[in-house]
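Asker: whatever this is, show me its structure:
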Amino acid sequence: MFAKKSSVKGSQRRPSETMLGAGAKFEGVLESPANIYIDCAFRGEISCAATVVVNLGALVEATIKADCVVVHGYVAGSVHASERIQVGATGKIKGDVKSASVRVAQGGVLDGNCHITAPDGATPAPKDRPDAPARQKAPAED
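Answerer: Okay, here's the model as predicted:
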């Protein structure tokens, strides 16, 4: 009469997304393997193996480390993203950012230092610029 439910082992489950709804307050350390959506007041540290979205109306005072960070609300603290940081037209970051890509929409605010890294997170090695003066060769020794 009833179909047998398939058994899914814990390691095969897809991680659940985390949502902190409007009106909530959170203080502490938040770690997640899946996307995090914040619509509330948050203070502490965020570590995410996916995307962190700070929505309009959210107030976040934290260090954020994630693959991607999208800000439509307010963030005070350092933001590190291995792939990209996006600040929407209503977003504001007050703090230093570090990522392979940083985009700030018209109306968005980034008040801090911006460090662009190579896509894999490494700092790219300096390369000769085409507009740099030519280097002089060392005299040949006899």
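Asker: what's whichever strand or helix holds Arg103 packed up against?
Answerer: Element membership of Arg103, judged by DSSP states H and E, is strand 102-104. Contacting strand 102-104 under the criterion 3 or more C-beta pairs under 8 Å, 6 or more residues apart in numbering; DSSP states H and E are the following elements: strand 79-87. Bear in mind the C-beta positions are built from the backbone N, C-alpha and C, glycine included.
Asker: average pLDDT across the strand it packs on?
Answerer: In this model, strand 79-87 has a mean pLDDT of 97.
Asker: just how off-centre is it within its chain?
Answerer: 3 Å (C-alpha atoms, centre = their mean, to the nearest Å).
Asker: buried stuff in the helix or strand following the strand holding Arg103?
Answerer: Later in the chain than strand 102-104, the nearest helix or strand by DSSP H and E is strand 109-111. For strand 109-111, burial by neighbour count (16 or more other C-beta atoms under 10 Å) applies to Leu110.
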